[in-house]
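*Asks:* Quick one, fold the following:
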Amino acid sequence: MIPKVAGWKKDSVSELTEIFSSDGVVAVIDVSGVPAKNMIDMRNTLRERMSITMAKKSLMRIAWNEAGRSPDEIEILLDGADQPCVVHSDSMNAFEIFGELEKTRQGRAAKAGETFPDDVTIPAGPTEFGPGPIVGEFNAVGIPAKIDKGKVAIQKATTFSKGDEISADLGIMLSKLGVNPIEIGLILTGAIEEGHIFSSSDLDLDTDGLRNDILSATSGAFNLACNVRWFSSTTLPTLLSKASSESLSVAMEAGIINEKTATAILSSARTRALSLAGQLDSSALDEELLAAIGAASQSAEVAVSEATESEESEDDSSNEDEEEEEEAEFGGLGDLFG
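*Replies:* Numbers count the residues shown, from 1 in each chain. Predicted coordinates for the structure are as follows:
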């Protein structure tokens with residue numbers, strides 16, 4: 001007799017087969033320990049970017065085979081998932097999916113019998129609780145407490161080590177302190193994209209650090225290429241600009257006059273001529289040259305005057321500060337002697 005298969009199982013396999021046969025990224029996540037309310041909130045948050053389908057491992061394996069995929073692949077994806085769900089997205093890559101799923105990680109209150117996943121330290125200091133039986137409750141679970149200035153205060157920092165079992169009372173007291181040591185979330189165990197399988201460690205990248213490394217390497221490569229004069233579509237504008245600037249400087253030093261150097265060379269020549277004329281007797285100069293020398297001299301005097309005034313202003317400010325300090329000192333002596 002052929003056993004009858006429940007209708008919901010057939011529907012589940014059909015839905016999973018369609019997902020596994022479609023384009024995009026397929027991933028498996030572990031949702032063990034996530035309360036139903038948190039699960040609903042997480043799914044609603046991610047609904048527009050990816051689908052999350054809950055199913056048993058056995059049904060996932062059947063659907064995977066019906067989709068014509070390798071049985072080894074689904075076993076790799078399911079490894080480490082105690083309560084698996086299938087994630088699918090055709091708008092995000094595996095790295096983006098991992099990043100979004102990591103944002104769902106959050107803490108929850110510990111239950112009796114659970115263990116600390118990491119070291120947890122309760123710092124010393126006052127709490128928000130007033131005097132009452134809670135002092136004894138803290139001490140009973142190994143958190144020394146006393147009344148200090150009308151509030152319950154933790155007497156000294158207390159550390160619970162990774163792997164220590166959490167009792168029901170300790171879980172309650174930690175929750176009262178706002179300490180939720182048990183981490184929950186949609187934990188990705190594996191993903192497959194275009195035939196490539198990624199574990200969670202493969203996808204756990206420091207994207208900001210990677211981006212900065214790439215930018216730094218790009219900048220260093222560009223500078224090196226420019227220094228060795230490696231011509232490419234990227235370096236050509238910079239190299240041509242540098243060559244133009246250097247050739248202009250050589251042309252000016254050599255006194256080569258053209259439409260680009262004429263203005264600078266003539267300006268430099270005029271300045272030198274006025275400097276030389278200023279050393280001659282005024283009787284040897286015509287009125288136009290005397291006026292030009294006078295204008296240049298006046299401009300120089302104004303510049304010197306402004307610089308001097310600036311220095312004097314700084315000196316006056318410094319002297320005023322010193323006088324104020326001396327007056328303060330004399331005032332102190334006057335107070336001493338009446």
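
*Asks:* what's the first-to-last distance across stretch 13-30?
*Replies:* In stretch 13-30, first residue to last residue: 19 Å (CA to CA, to the nearest Å).

*Asks:* quick one: Lys56 and Val86, what's the gap?
*Replies:* Per CB to CB, to the nearest Å, Lys56 is found 11 Å from Val86. Bear in mind the C-beta positions are built from the backbone N, C-alpha and C, glycine included.

*Asks:* ok, the two, which is more surrounded?
*Replies:* Val86 (22 against 12; other CB atoms under 10 Å).

*Asks:* doesn't Ala55 make contact with the more buried one?
*Replies:* Yes. Between Val86 and Ala55 there is a contact under CB atoms under 8 Å: 6.5 Å.

*Asks:* any shared contact partners between these two?
*Replies:* Contact with both Val86 and Ala55 is made by residues Leu16, according to CB atoms under 8 Å, 6 or more residues apart in numbering.

*Asks:* Please compute how far stretch 142-158 lies from its chain's middle.
*Replies:* 37 Å (CA atoms, centre = their mean, to the nearest Å).

*Asks:* and it, which residues are buried?
*Replies:* Buried residues in stretch 142-158, counted by 16 or more other CB atoms under 10 Å: Ile143, Ala145, Val152, Ala153, Ile154, Thr158.

*Asks:* how about the residues you listed in TSV, adding secondary structure?
*Replies:* Listed next are these as TSV, based on DSSP: H, G, I helix; E, B strand; the rest coil:
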residue	secondary structure
Ile143	coil
Ala145	strand
Val152	strand
Ala153	strand
Ile154	strand
Thr158	strand
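
*Asks:* State the pair within the residues you listed that is farthest apart.
*Replies:* Spatial extent of the buried residues of stretch 142-158 (CB to CB) is set by the pair Val152 and Thr158 at 14.0 Å.

*Asks:* Tell me where the stretch 1-150 of the chain has strands.
*Replies:* For the stretch 1-150 of the chain, the strands defined by DSSP state E, counting those that start in this stretch occupy 25-30, 51-54, 84-89, 106-108, 120-122, 125-126, 145-148.

*Asks:* Closest one to Ile172 out of the buried residues of stretch 142-158, please.
*Replies:* For those, the minimum distance to Ile172 (CB to CB) is 11.7 Å, reached by Ile143.

*Asks:* Would you mind measuring from the closest residue to the closest one other than its chain neighbours to Lys10?
*Replies:* Excluding the flanking residues, the one nearest Ile143 by CB to CB, 6 or more residues apart in numbering is Thr158, at 5.2 Å. Distance from Thr158 to Lys10, counting by CB to CB: 55 Å.
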